[in-house]
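Asker: Sequence isn't available, so here's the structure alone:
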């Protein structure tokens, strides 16, 4: 059975990535595509690499035909999404890729995003879309909130260690290296090739990046006490991929065992032999996440390295994985594409 | 029905690309993988991005079990291939990705490759693997010779124009821009990141590149007279993709019409509206080839631009397309993956 | 003696490159810097890499103090420049880096730039800033028009061959590969890292790029008849550098001899031994231009390859070279910096 | 007065960088260049970007004429250097760029480099070449050991903080992002463009990188007790530049004040306003190091970010800075070149 889906916000990178993945998905059919500023155009005018596909013409959100649509992927900008989702037909399921429904606490939302939430009931209803840890809730959900791509990487590296009480909670340092597509397709000076190529720099310094709200919420929940990590993302001269280097207090062998056990049956999460660490190209263009654990020369200290593709496992691949669960499709359908190397 | 295939030379880029594509192919199963210098290792030690796949351990060519194998992909170095192919079991079909069987004339082979061919009978038997132009022969063949990746790009841009008598044959200029994976994974100074990144340069200057042998052979055959084009490849600071810019004498509208007609039913070849030209990222990681035609301000002069991914349509994707035909599988099976952008 | 100079339009790449070069120039002192949208800021806020220099604060053009300034570098956008230059104090010398004064014929200007010139008298007065060919005129000039960076590359490759009657004038093909800084620092989608990295494409197809106006003007002048070349620029995934590949009818040895003779005493132009060709990284960050000539396998056909850094020899370095002549400073002063490799 | 210098090991990147910098240096003249495997060639055959310079032909080390040479730059591989330096003429000063003389303790050397030192007396004599902290010793030295490029970056970020007792000594985490030229020009698989471009990964995990020996030695010395930091370098898809992100316990304002005071009179070290952090492109191709300090949201935690060009301030620029001191030349001579942006 093929399910009918719509993508709102199809002219951004997460939108295009959804189309790429659905193109070879057996259980989904794209019924509608919206893109506000490009309404009226064909998708191939916006993304020529999708020329070979037979896709609906781009529409405004308002004009997007949602009759008969089983599930909507919302790949809209933050803050826009909450207004749109609130007005979708009741019966339709929603996977939201924005930041709008990630935080459960309205106060936390306001603190990190600077204004009150426009749809607090939906915020309450939304399930946090970290598939491997919320599988049952996602299966039953009407509205799933895709995680931040940085957040997903950190969660996969650290969550079982925090939940298992294996690492100190007060000195976790998470240093991320993020490719530029994570910042989207917007026209900003620092995203220009001439500015970024052959360069790299830290941003969100001092643990001010918004994805920290997700770490605070989730890590505190599994630890049963407040957890506040130190987190610095760095922008890389590359298009896809996040590499997280976590510095923790704890026994490396125990950490490795815990991660191996937690992900033993996971189709997308692979833990390397202890002492080895992955690189971002190992997962480029795929829904896989590779994780390594290495003991430091300092006794009782370990390093955990996790990599994923921010547009796939960190965003649109995760969205389809969640949609598969919500629609009763095999969880891995459409997502077993091998990484693109080189 | 699933066919059993082997890949000889699996530790190079074309070998890895074959594995990537077969990973989601419904009609093929990898029964054996050889890699001389890496024999005994697991594929994931050589290519960690293939960690999620259940693959046979790497063997030497001699030890590779070929019983029950329906087809062998030879992704071995030039000159090595002809010796290996000559010793394969009789019944097995072969798609060769090296340069060894591309030229039909032994004298031409010796001229371009510097020594006599070691298996001239096989050379005679081999079918030139330019799928869209040799489909029937490939279906019936036991041995198919994959084309050069540069050659494929030039053929798609020019062959119908030459065959149709639409362009002058004495002043064809073909300027190619080739990504670095076309040079393989060998350790050469000019392939280092520090040497190539932010740089680009011409090579094979003066029309001395070996792929010219293929142009000479094919263009002369379709023209019914000797055709010698001018051809300069340039190495690009990029991993995948070939962009060919052809400068020809001829009417742009007629050229565009001829290409559009020739490729109207081709699943992988897309001709853009006249006046538009594609970029290499439009086809990255896919088996598609996009082609554009633009009239020059000089009357009677036109520019044809073609792009493809050297590792896919230019090599391993083409190989699978040919293998599909040889094995009686749907020609597009395993090859409809959308390009990876960004 | 130190000359006082001002830079109008200092927040773009050519402005920053002027500052970089003047930083170690013995005969110039930066008295004023304008940047319309950044007026009031310090230069280091716009270009942190210039933090170590003691520079005047950015002003609007109107507020820029030009008293005592000997020479103004105008690094303003096309069309803006002609209005600003017309209002500069009479005595001040001007090197303009825009396209505004490159074409001598008002009709040609209007044809390529789409509207009439606002200062036709200045257009007439301006000297074309191709230093090696207009040295005497530049020395005496009040207003010098910097050449297009693509144009400069093509001129160095071809001008002596056309002037010497060594190549056919009706079948010249010039295929350029241009780094992205040539497009400036403006916010355009195709200049984003995620769009351009690992990609490349042709633009200005069909010989419609504006720099053709300069080729038409100059090549026709030296040939004594109308010359119309075919010219396609391609955007490269790199920040600096232009590589021109010219395909010509003519004897390679004669072409090589002519270029070698023409540039024998030029400090910045280097002709390689015949049969060799340069790469763009050989000149990155420098004022040098390297040129190679190779005979094609087709008798009577040759390939000429020229490389330069679009921001240095193609723009700001050229501007300083011209300013040195205009101010009576040694021509090479400040410009002998070696290329940056890797 | 011009001093005569020789460069041993001129065919590597640090050798070429020395030539680049000396090309515009007023007080040095290159009298000899050695490069074992390239002996007999001209430098421009190995590095075409140096074509414009009049340089001595490459020789073997043994044949390199050192009569009248005031100072030798040894840019030889690790372990080779100690044998060569031991045999240099007595009177000649030496700046060594290898790792051979960085560690004062023979036991530490053997532990990090795996075999006993071949010239322990020279090891004792050598001065650690961290110019800003060993200025007087360097002025008087005959043999100066250039620091590791990673080590230099970490020292500039942390040394004044450790010396001042401003940060906790037991939980220092140093996460480095290093460009590929730091690995030299050797032919290794992971340094290929196709392997590294669009990729990045950690190496030397678990604090096993050799530059830790330098951190241990120096940080323990200034702290007056054993200091062992955690340190992970990451290889970046870029050619030049190191960005160090240090996570420390301490008051950000106090750290910022200490760094500002320590470097107030340093020509090459620039501390940014508190709360700001530099990017690597801000220093590309220059001898500058920029440093930023930001307070974390966690009270009592701070982040220090330092950037430098590994080939310039991290290696060859530092070497010339030291040589200037040793030869009585102005310390900044030849080193005030502005960074190359973009």
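Answerer: Perfect, thanks for sending it. No experiment lies behind these values; they were computed from the predicted model shown. Residues are numbered from 1 along each chain as shown, chains lettered A, B, ... in the order given.
Asker: hey, let's count contacts and neighbours off CA atoms from now on
Answerer: OK.
Asker: what separates the nearest residue to residue A:178 once chain neighbours are set aside from residue D:207, distance-wise?
Answerer: Spatial nearest neighbour of residue A:178, chain neighbours left out: residue A:242 (4.5 Å); criterion: C-alpha to C-alpha, 6 or more residues apart in numbering or on different chains. Computed as C-alpha to C-alpha, to the nearest Å, the residue A:242 to residue D:207 distance reads 22 Å.
Asker: Between these two, which is the more surrounded one?
Answerer: residue A:242 (37 against 23; other C-alpha atoms under 10 Å in any protein chain shown).
Asker: Hmm, that one is touching residue A:177, no?
Answerer: Yes: judged on C-alpha atoms under 8 Å, residue A:242 makes contact with residue A:177 at a distance of 5.6 Å.
Asker: how near is residue A:79 to residue D:307?
Answerer: 36 Å.
Asker: which of these two has more neighbours?
Answerer: Per other C-alpha under 10 Å, whichever of residue A:79 and residue D:307 has more neighbours is residue D:307, with 36 against 17.
Asker: Surely that one forms part of a strand?
Answerer: Yes: counting by DSSP: H, G, I helix; E, B strand; the rest coil, residue D:307 is part of a strand.
Asker: got the residues of the stretch 51-200 of chain A near chain C?
Answerer: Proximity of the stretch 51-200 of chain A to chain C (C-alpha under 8 Å from any C-alpha of the partner chain) is limited to residues A:180-181, A:185-189, A:191-194, A:196-197.
Asker: Closest one to residue D:255 out of these, please.
Answerer: Nearest to residue D:255 out of those is residue A:196 (C-alpha to C-alpha; 28.9 Å).
Asker: who are the neighbours in contact with that closest one?
Answerer: A:190, A:236, A:237, C:193 (C-alpha atoms under 8 Å, 6 or more residues apart in numbering or on different chains).
Asker: Kindly report the same for residue A:15.
Answerer: Residue A:15 touches A:7, A:8, A:9, A:75, A:316, counting by C-alpha under 8 Å, 6+ apart.
Asker: How is residue A:169 assigned, secondary-structure-wise?
Answerer: Strictly by three-state DSSP, residue A:169 counts as coil.
Asker: Who are the contact partners of the nearest residue to it once chain neighbours are set aside?
Answerer: In space, and not counting its chain neighbours, residue A:169 is closest to residue A:227: 6.2 Å by C-alpha to C-alpha, 6+ apart. Neighbour list for residue A:227: A:169, A:170, A:216, A:219, A:220 [criterion: C-alpha under 8 Å, 6+ apart].
Asker: before we move on, the earlier item: what about the contacts of residue A:15, which are in strands?
Answerer: A:7, A:8 (DSSP state E).
Asker: Could you dump the contacts of residue A:15 into a markdown table and include neighbour count, distance to residue C:49 and pLDDT?
Answerer: Shown next, in a markdown table, are the contacts of residue A:15 (neighbours: other C-alpha atoms under 10 Å in any protein chain shown; distance: C-alpha to C-alpha, whole Å; pLDDT from 0 to 100):
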| residue | neighbour count | distance to residue C:49 | pLDDT |
| --- | --- | --- | --- |
| A:7 | 27 | 42 | 98 |
| A:8 | 26 | 41 | 98 |
| A:9 | 27 | 37 | 97 |
| A:75 | 29 | 37 | 96 |
| A:316 | 30 | 37 | 98 |
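Asker: Tell me the one among the contacts of residue A:196 nearest to chain B.
Answerer: residue C:193 (9.3 Å; C-alpha to the nearest C-alpha).
Asker: How about the contacts made by the closest one?
Answerer: Residues near residue C:193 by C-alpha under 8 Å, 6+ apart: A:180, A:191, A:192, A:193, A:194, A:196, A:197, A:237, A:238, A:239.
Asker: which residue packs closest to the first one, ignoring adjacent ones?
Answerer: With C-alpha to C-alpha, 6+ apart as the criterion, residue A:180 has its nearest non-adjacent residue at 5.1 Å, and that residue is residue A:239.
Asker: try the third one
Answerer: Of all residues beyond its chain neighbours, the one nearest residue A:192 is residue C:192 (4.2 Å), with distances taken as C-alpha to C-alpha, 6+ apart.
Asker: And the one you found, how close does it get to residue B:162?
Answerer: For residue C:192 relative to residue B:162 (C-alpha to C-alpha), the value is 38 Å.
Asker: and what of residue A:169?
Answerer: 71 Å.
Asker: just residue A:43 next, same as before
Answerer: From residue A:43 to residue B:162 the distance is 33 Å (C-alpha to C-alpha).
Asker: Pick out whichever of the two has more residues nearby.
Answerer: residue A:43 (26 against 21).
Asker: Just the local confidence number for that one, please.
Answerer: Model confidence at residue A:43, given as pLDDT, is 98.
Asker: Next: the one 4 residues further on.
Answerer: The pLDDT attached to residue A:47 in the predicted structure is 98.
Asker: Hmm, it is touching residue A:16, no?
Answerer: Yes: counting by C-alpha under 8 Å, residue A:47 does reach residue A:16; the two are 7.5 Å apart.
Asker: Neighbour count for the two, which is higher?
Answerer: Higher neighbour count among residue A:47 and residue A:16: residue A:16, with 25 against 16, using other C-alpha under 10 Å.
Asker: In a strand, that one, correct?
Answerer: No: according to three-state DSSP, the state of residue A:16 is helix, so it is not within a strand.
Asker: Leaving out chain neighbours, which residue sits closest to it?
Answerer: In space, residue A:16 is closest to residue A:10, 6.1 Å off (C-alpha to C-alpha, 6+ apart).
Asker: do the same with residue A:245
Answerer: residue A:305 (4.7 Å).
Asker: beta partners of that neighbour?
Answerer: residue A:245, residue A:292 (DSSP bridges).
Asker: Could you check the pLDDT of it?
Answerer: 98.
Asker: now do residue A:31
Answerer: Per the predicted model, pLDDT is 97 at residue A:31.
Asker: Could you confirm it falls within a helix?
Answerer: No: looking at residue A:31 with three-state DSSP, it is strand, so not inside a helix.
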